[in-house]
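Asks: Output the structure for:
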Amino acid sequence: MFENPRSPRVVTLGSISFGRSKTECTVRSISAYGAALDVAADEKLPNEFALTVIPDGSPRRCAVVWRHEKRIAVAFY
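Replies: Numbering: from 1, shown residues only. As a prediction, this is how the structure comes out:
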């Protein structure tokens, strides 16, 4: 859904921001349409937030598509 299975997986850091809060995440995969992120298990994230891929990105608005333990998938809009 988020990546071409033949393309190499690149793991990078990201920053999630919502309201006045900010937390780091690991970007497991990313495409033009969305991303899979690893977050801290105890992190309480809203259903919509801004994701910045470090170091090159500007914030992108996204919505959570699914959650499973420490991993979430988001769609960009």
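Asks: partner residues bridging the residue nearest the centre of the chain?
Replies: Centrality entry for the chain: nearest residue to the mean C-alpha point is Leu37, 4.1 Å, by CA atoms, centre = their mean. Listed by DSSP bridges, the beta-bridge partners for Leu37 are Val27, Ile72.
Asks: Thought Ser29 was touching it, still the case?
Replies: No. Look at Leu37 against Ser29 with CB atoms under 8 Å: they stay out of range, at 9.1 Å. In this view, the C-beta of every residue, glycine as well, is placed from N, C-alpha and C.
Asks: how far away is Lys22 from Ala32?
Replies: 24 Å (CB to CB, to the nearest Å).
Asks: Comparing these two, which residue is more hemmed in?
Replies: In this view Lys22 and Ala32 are compared by other CB atoms under 10 Å, and Lys22 has more residues nearby, 12 against 6.
Asks: Excluding residues flanking it in the chain, which one is nearest the more buried one?
Replies: Nearest non-adjacent residue to Lys22, counting by CB to CB, 6 or more residues apart in numbering: Ser15, 6.1 Å away.
Asks: Now for that neighbour: which residues touch it?
Replies: Counting by CB atoms under 8 Å, 6 or more residues apart in numbering, Ser15 makes contact with 22-25, 51-52, 54.
Asks: Mind listing the residues bridging to it?
Replies: So, taking DSSP bridges as the rule, Ser15 has Glu24, Thr52 as bridge partners.
Asks: Under the pLDDT cut-off, which ranges of this structure? List them.
Replies: Applying pLDDT under 70 to the chain picks out residues 1-10.
Asks: any idea where the strands of it begin and end?
Replies: 12-18, 21-30, 34-38, 48-53, 60-68, 71-76 (DSSP state E).
Asks: tell me the most buried of the ones you listed?
Replies: strand 34-38 (a mean of 20; mean count of other CB atoms under 10 Å).
Asks: so that strand versus strand 71-76, what angle?
Replies: 150 degrees (axes from the mean of the first three to the mean of the last three CA atoms, to 10 degrees).
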